[in-house]
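J.: Give me a model of this one.
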Amino acid sequence: MGTLTDSWPVAALDPVRRLRVIARTTPGTGYAEQLIDAPFEQVWALASDLERQLPMLITDIRSFTVAAAGGERLEARARSPLGMRARFDVVLRPGWCLMQSRFVLGGMAAVPEGEGTRFAFFGGLRLPGVRFADGALRPLLAPPAARALKRFTDQL
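T.: Modelled structure (predicted):
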């Protein structure tokens, strides 16, 4: 006879669905998702090159430098065009990247889908009061997420 936990349902989410849930349940975020006509390996090789890609995708980042790495956990430093700096904790594994600093949260995810790859991008603010301004912020943050996704797909 099995234990009680043997009969519990399991709901596994692929990386894109997991990122979608995080984006939809985190106040003050913008999210964009697209099916890309390129193989997963090609898409993720480009996306996971954070030092080159993040400054190209996000106009508020002039440089993004990985300062330390231990397995799938990274520490990175970002600098804005105006010289502001931020330290990011990053989890990076195939198909999954989640990054957070003191004031910013962002991520990318990818999964093979048919002959292509479903790719998602999101970013948002981690500021006091964001929960109360969520309704006003989401429409403002969706276009930058969509532009970042377009800049990414234009490279493939």
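J.: what does stretch 145-154 contact?
T.: For stretch 145-154, contacts defined as C-beta atoms under 8 Å, 6 or more residues apart in numbering pick out 30-34, 36, 46-47, 53, 56-58, 119, 121-123. For the C-beta atoms, the positions are set from N, CA and C on the backbone; glycine is no exception.
J.: secondary structure class for Met108?
T.: With DSSP: H, G, I helix; E, B strand; the rest coil as the basis, Met108 sits in strand.
J.: which residues in this protein form strands?
T.: 29-36, 63-70, 73-79, 85-93, 96-100, 104-113, 116-125 (DSSP state E).
J.: Just say which of these is most tucked in.
T.: strand 116-125 (a mean of 23; mean count of other C-beta atoms under 10 Å).
J.: ok so, going back, next, give me the two most distant ones among the contacts of stretch 145-154.
T.: The most widely separated members of the contacts of stretch 145-154, counting by C-beta to C-beta, are Gly30 and Leu46 (20.7 Å).
J.: mind listing what Val104 touches?
T.: 86, 88, 123-126.
J.: For the residue lying closest to Leu50 once chain neighbours are set aside, name its beta-bridge partners.
T.: Nearest in space to Leu50, with sequence neighbours left out and distances taken as C-beta to C-beta, 6 or more residues apart in numbering, is Phe64 at 5.7 Å. Beta-bridge partners recorded for Phe64 (DSSP bridges): Ala78.
J.: give the contact list for Phe64.
T.: By C-beta under 8 Å, 6+ apart, Phe64 lies in contact with 50-51, 54-55, 76-79, 88.
J.: Between the residues you listed, which sits nearest Trp96?
T.: Leu50 (12.6 Å).
J.: Distance check, that closest one against Pro128.
T.: 28 Å (C-beta to C-beta, to the nearest Å).
J.: ok, those two, which is more surrounded?
T.: Leu50 (21 against 7; other C-beta atoms under 10 Å).
J.: so that one touches Ala67, yeah?
T.: No - look at Leu50 against Ala67 with C-beta atoms under 8 Å: they stay out of range, at 11.7 Å.
J.: Much appreciated, bye for now.
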